[in-house]
Every structure is written in C-alpha cells, then in structure tokens.
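# Turn this into a model:
(chains A and B)
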Amino acid sequence: MATSTHAPELPRKPRRLPRLLADHDWFGSILVAPAMLVIVFFALFPLGYAIYLAGHYVDLTSINQIGDYVGLTSFREALTNDAFSSAIRTTLAILVIALTTEVLLGVGLAMLLNRLKWFKGICRALFLLPLACAPEAAALIWRYLYDSDFGVYNALLGMIGLGPINWFGSSLPALASIIIFDVWQWTPFVTLITLAALQALPREPFEAAELDGASRFTVFRRLTLPLLTPVLALILVLRGMDLARLYDPISAMTKGGPGSATETVSYYLYRVGLEDFRLDQASAMALLVLFVIVVVSGLGLRPLMRAQGARARRG
Amino acid sequence: MRARAFTPWDIVRQVLVMAILVAFMFPLFWMLMTSFKSYGDILVSPPRWVFEPTLNNYVDAFQKADFAHYILNTLTVAALSTAIVIPTSALASYGFARYNVGGGNLMFFILTTRMMPPIAVVLPFFMIFKTLGATDIGSTLGLGLDQLGTLVVCYTIFNLPFAIWLMHSFFQDIPTEIEDSARLDGYSRWQVLRKVVLPLAAPGIAVTTIFCILFSWNEFFFASILTRSNAKTITMGVGDFWTQQGVLWGPLSAAAVVCVVPMIVMALILQRYIVRGLTFGAVRG
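Numbering: from 1, shown residues only, chains lettered A, B, ... in the order given. This is a model prediction of the structure:
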C-alpha cells in the first residue's frame, strides 16, 4: 500500500471504460507483463518438462530416448539411491563448514576493517577481487596452487615444516581444498555486506553504551550482534543457497573425486543426466532438490528481504 | 572528526588486515606470475619466485585456443541477453515499486526462480534445445545445442530476476513526490515514467547493466553443459589447456588473467553498489 502512489485526482470527464480497465492497476500490470511472460515461459515450461521427463523412462543412449510412462518410479528410486544421499551429505558437509568459516572470518574481518586506521578504502577495494573472478577460472588456477609436485602451497607449507599434502589424493584433503577455495572466494562477500551494515548502524545506542561504561565485549554481544542479526541471516540464506548448488569448483578441481568424495548434488545430477544420460532419474532428483530449496527460500528469504527492504526505506 | 594519535590496537588491527589481505591476494598474484613464466619456470619444484618474464603464454592463448572467438561469443551472448533483460526488468521493477503489482507475492515468486538450482533447469533445457536445434526455426534463431541463442535464453532467465530485484531497490529510492508533481503538471503515467523516472533511475539501470554483463561473462554452468565448440564462452575456454596429455599451466594462467581482469575492473567501477548488487538490492551499501 505504502509503495503505490497516485497523484491527487484531477477533475476530468468521466470515462466510459469497463471497471477493470478503469482501475489504476492496469498500467502497473502492463509494465510487469513482458518480464512475467519471459519468466513464466522460460522458467515454468522447463519445469513442467522436467516433471514429464521424471515420469517417463528416459535413456538417451537407447533408441527411443523417451520411453514409457513410469509414474513415480524415478522419485521412489531417488529416495533410496545411496549415491544421491551421499551427494547430499557431501553438499551439506561442505555447506556447513564453508558457511561457518566464511561467516566467522568475514564478520571478524569486517569488524577489523570498520575501525581500520590506514588504507581503509584500498583494503576494502582489494577484498573485492576474489568475488569478481569467474569461479571456474579461479578454481583452475587453484588446482595449480594445490598441485602436489609444482604447487606453491606445498612449497609454502614446506617452509614452515609441514606437508607436503597430496590435496587431491584422498577424501579429506580434497574436501578441504574445495572448502578453502570457497572460503577464499566468498569470505569477501560476507565481509563487504557486514561492513556496509556496520557502517549503517545507528550511533546513539553506542554512544549511550559508552556513557554507561559498557565493556567492548558487552557492546558487541548486546548491541552490535543483535543489530547485525538480520543482515547475517540474509547472508546465511543467500550463501547457503549458492553452496547448495555448488558446481563450478568441483568441475574445475576434482570432478567429484577421489572416488565420489567431493561429489556435490549438482555435480552428481550432471553426471547421472548428461554422462550416464538417465535424464529421468536426474530430473526426479533435481525436482526433489528444487522442492527443498524453494521451501527453504520461502521460509527463510522472504521475511529477510522484507525486513531489509523496510529498513532501507526508513533510511 | 577530531584528530587523535593512533593506539597500539590500531597497529595490531592494521597488521592483521594486511596479513589476511596478502593471503587473499596471493592466488591472483601467483596466477599473474605464472602467466608470464616460461614452460621451464612453471614445472619446477620448488616454485620459482624470480624468473625471466615472457609473453608467449598470451600468444598461445590466442593462437592455440582461439580465445578471440570465445571472447566474441561471450560478448555477443552477454550483450544480447542484457539487451533483453534491461528494458523488461526496468518496466517490471517500476511496476512493482510504484503500482505494487501482485502485492509482493509476484516479486517473491520471481526471486524463487532465481534460487532454483540450475541443474533442475538445465536438464530439461538440454532435451528442449536438442529437439529445437533439429528444426528449421531452431537453427535460424540459433536455438540448439552449442548455439549462441541457447545461451542468450539461459542468461536472460538467469539475470532477469536479479535485475528486477536490484532495479526495484533503485526505483524505491526515487521520492514519489517528484512523480506526483509531474502528474499534477499534466504528464500521463507513461510520460512520468519516460521523462521523469527513467532519467532519475539511470544510475541504477547502469549498475544493473554492468552486473548483468559481469554475471554473463563469469557464467560457467550453462555454458559447460549446453556448448561444445561453436558457442564456447570464455570461462569454458580457460579449460582448453586442461588436455588429455596434461595441463598447460602457462597458457591456462594467461587465459585466466584475460578472463578475470576485465571483470575485476568492472567490479571496481561498481564498488559503491557491490553490496547492493550482491544482496539483490536488499542491503544498501
């Protein structure tokens, strides 16, 4: 209501239009129509097609490609598929560890940057760089940094008497390599957003706290953290959704290996659908993932975007 | 601001930030170094910090891998999809911001389409474009596997929700009083949009455009699945040097530099708006 605006009505001749068209909203609807057409057509049509694929026997290596209607078989198989559940576990493990590290490191860094004495602007600008890089290109470079023979990371570890680590030889280092890469690329995301939020905090409560002689820790715990909570929640949801569909670094660095140690859901579905060409099973699993993500984003994102928007409008 | 001397904490903070900064910049620094190293300087252990720089890797990137072709493809796709996204999203986000179409539900539905895992879209797309590419309409419009039109479609649906949300935040920043007085001056609603609102929203439109180009340039998922050679984009091209026989790290680094540097420049131009862009307009930086 607050966002719609109308000029005070000028006196004018009564129009002979049907009520629907005379209503104010038709202009807005026309503005929105082209975009809605594109979105509905290009997003919902593939979705419907995915449901169709999931309901039939689809094997691109067979002659018929799209075979008989099989009902919910593919969904049932998806729920009992061990490789799928293992991919979900891998994705969740990467998500939880990477997200925790990114938020702790990112918020810490933002607090440091916020009170930085020298070169604040330049430092802030430089932290942008990892974010701007194409994840796939950056991940290929990281593959070289991790290389067990010529990689500079093992050389650096050697200087302090550690390693060498065969990063892609076994599961844990391989998972770590993916997580470290993601932390490198996305911690700046957390930092920059938190920094912006820190700089937009109201001054008065902090001045009052100072007058009351509150310790720094108390101020952080009682004042800064609660005020940052909405932004932190937004970061968690946005980043969580990105991590839930992690693909680029997996494709560039490990191809899901060794074995299936770093196989995320997106990479696994790619393999089933476009390497084994079982589009029915891949579509069924993709729809299940989609359902979960839409529910999570519905529950998590909506109030957060609303809160932030309202906050921004209040100024 | 009152001038005051620095405290020891200022120095501790500075040192910590600098240390973290070095760690974060190091991979990019090493990429740049490697791109100027000759073959012999790359495959040595321990890695060399001092070497004789050469431009051969860049020559290789453009000669052995047809990088010019990939860049042209990427620019074409980015330009076409952005040309579709910007006008449609500008109109739509203004409609959402001022006429509150759908009462917020539609806006949120649009955001959900962006949150869909791309794998759920790409599998049906693979089949759709495979079929479409075999038809006359498909081949004329470039809609098929390994065709540029296909990527334009993908990047359009990928960027449109983002553009609507980001621009929405810019339209909200324009005070409604200006529009009201223009209406009182006898402008029609369409004239208000064209002559008053759009000029005021120009910075926001520019920022959104740059973001869309940046995302299209950096996109890899759709490109890797829907293209092979003809419509290959730059992020795909970087992987060219990852061959069956081994990895050519020198040319690969040079290619990565070519891929990464323009977007770093764009991000620096966008600096003031980067936080707003990354949060779909929710956090004004």
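# Tell me the spacing between residue A:247 and chain B.
Look at residue A:247 and chain B: by CB to the nearest CB, to the nearest Å, they are 5 Å apart. Every residue, glycine included, has its C-beta placed from N, CA and C.
# and that residue, how many residues sit next to it?
Taking other CB atoms under 10 Å in any protein chain shown as the criterion, the count of residues near residue A:247 is 22.
# Spatially nearest residue to residue 143 (excluding sequence neighbours)?
Defaulting to chain A. Using CB to CB, 6 or more residues apart in numbering or on different chains and skipping residues adjacent in sequence, the residue nearest residue A:143 is residue A:253, 4.9 Å away.
# looking at chain B here, not the other one
Here the residue nearest residue B:143, using CB to CB, 6+ apart, is residue B:149, at 4.4 Å.
# my guess is the one you found meets residue B:140, correct?
No: contact criterion CB atoms under 8 Å: residue B:149 and residue B:140 do not qualify, at 9.3 Å.
# Comparing the two, which shows the higher neighbour count?
residue B:149 (20 against 9).
# Tell me the secondary structure at residue B:37.
Under DSSP: H, G, I helix; E, B strand; the rest coil, residue B:37 falls in the coil class.
# Could you name the specific helix or strand carrying the closest residue in space to it that isn't next to it in sequence?
Once flanking residues are discounted, residue B:37 sits nearest to residue B:51: 5.4 Å by CB to CB, 6+ apart. Following DSSP states H and E, one finds residue B:51 outside all helices and strands.
# State the distance from residue B:51 to chain A.
Residue B:51 is 13 Å from chain A, by CB to the nearest CB.
# swap in residue B:36?
Taken as CB to the nearest CB, the span from residue B:36 to chain A is 14 Å.
# what number of residues lie near that residue?
19.
# That one and residue B:57 touch, don't they?
Yes: with contact defined as CB under 8 Å, residue B:36 reaches residue B:57; the gap is 7.2 Å.
# neighbours around residue B:105, how many?
10.
# Could I have the CA atoms of stretch B:168-188 written out in PDB?
Taking C-alpha atoms only, stretch B:168-188 is exported to PDB below (Å, rounded to 0.1, in the frame of the first residue of the first chain):
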ATOM      1  CA  HIS B 168      13.400  -2.300  -7.700                       C
ATOM      2  CA  SER B 169      15.600  -1.000  -4.900                       C
ATOM      3  CA  PHE B 170      16.700   1.900  -7.100                       C
ATOM      4  CA  PHE B 171      13.100   2.800  -8.000                       C
ATOM      5  CA  GLN B 172      12.200   2.800  -4.400                       C
ATOM      6  CA  ASP B 173      14.900   5.300  -3.700                       C
ATOM      7  CA  ILE B 174      13.200   7.900  -6.000                       C
ATOM      8  CA  PRO B 175      10.900  10.100  -4.000                       C
ATOM      9  CA  THR B 176       7.300   9.700  -5.100                       C
ATOM     10  CA  GLU B 177       6.700  13.400  -4.700                       C
ATOM     11  CA  ILE B 178       8.600  14.100  -7.900                       C
ATOM     12  CA  GLU B 179       6.300  11.800  -9.800                       C
ATOM     13  CA  ASP B 180       3.200  13.200  -8.100                       C
ATOM     14  CA  SER B 181       4.100  16.800  -9.100                       C
ATOM     15  CA  ALA B 182       4.800  15.700 -12.700                       C
ATOM     16  CA  ARG B 183       1.300  14.100 -12.700                       C
ATOM     17  CA  LEU B 184      -0.100  17.400 -11.500                       C
ATOM     18  CA  ASP B 185       1.700  19.200 -14.300                       C
ATOM     19  CA  GLY B 186      -0.400  17.100 -16.700                       C
ATOM     20  CA  TYR B 187       2.000  14.300 -17.600                       C
ATOM     21  CA  SER B 188       0.500  10.900 -18.300                       C
END
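# For it, give the mean pLDDT please.
In this model, stretch B:168-188 has a mean pLDDT of 90.
# Is chain A within reach of that stretch?
Yes: counting by CB under 8 Å from any CB of the partner chain, chain A has neighbours in stretch B:168-188: B:169, B:172, B:176, B:179-180, B:183-184.
# Let's see if you can find the most crowded of those.
Neighbour tally across the residues of stretch B:168-188 next to chain A (other CB under 10 Å): the maximum, 25 neighbours, falls on residue B:169.
# and the host helix or strand of it, how far out from the chain's middle?
Per DSSP H and E: residue B:169 is located in helix B:148-173. In terms of CA atoms, centre = their mean, to the nearest Å, the centre of helix B:148-173 is set 11 Å apart from its chain centre.
# count of neighbours near the residue nearest to residue B:37?
16.
# how near is the residue nearest to residue B:143 to chain A?
13 Å.
# In terms of pLDDT, where does that residue sit?
91.
# quick one, what contacts it?
For residue B:149, the contacting residues are B:141-143, by CB atoms under 8 Å, 6 or more residues apart in numbering or on different chains.
# Residue B:116 is in contact with residue A:292, isn't it?
No: using CB under 8 Å, residue B:116 is not in contact with residue A:292, being 11.3 Å away.
# Give me the more crowded residue out of those two.
More neighbours surround residue B:116 than the other of residue B:116 and residue A:292, with 23 against 14 (other CB under 10 Å).
# Just say helix, strand or coil for the residue lying closest to the more buried one once chain neighbours are set aside.
Spatial nearest neighbour of residue B:116, chain neighbours left out: residue A:290 (5.7 Å); criterion: CB to CB, 6+ apart. Classification of residue A:290 using three-state DSSP returns helix.
# rewinding a little: from the residues of stretch B:168-188 next to chain A, pick the one nearest chain A.
residue B:183 (3.2 Å; CB to the nearest CB).
# The closest one contacts residue B:192, correct?
Yes: applying CB under 8 Å as the test, residue B:183 and residue B:192 come out as touching, 6.1 Å apart.
# So what's the residue count around residue A:139?
26.
# ok, now residue B:53?
Other residues near residue B:53 come to 11 when the count uses other CB under 10 Å.
# Likewise for the one 3 residues further on?
Residues near residue B:56, counting by other CB under 10 Å, number 16.
# Does residue A:194 touch residue A:228 like I think?
Yes: contact criterion CB under 8 Å: residue A:194 and residue A:228 qualify, at 6.7 Å.
# Where does chain B get nearest to chain A, which residue?
residue B:99 (2.5 Å).
# what's the nearest residue to that residue once chain neighbours are set aside in contact with, if anything?
Computed as CB to CB, 6+ apart, the closest residue to residue B:99 that is not its neighbour in sequence is residue A:28, at 2.5 Å. By CB under 8 Å, 6+ apart, residue A:28 lies in contact with A:4, B:95-96, B:98-101.
# Are any of those residues buried, and if so which?
Neighbour counting with 16 or more other CB atoms under 10 Å in any protein chain shown marks B:95-96, B:98-101 as buried within the contacts of residue A:28.
# Of these, which belong to helices?
Of the positions in these, B:95-96, B:98-99 sit in helices, assigned by DSSP state H.
# I'd like to know how many residues surround residue B:139.
Neighbour number of residue B:139 under other CB under 10 Å is 14.
# what do you get for residue A:48?
For residue A:48, using other CB under 10 Å, the count is 10.
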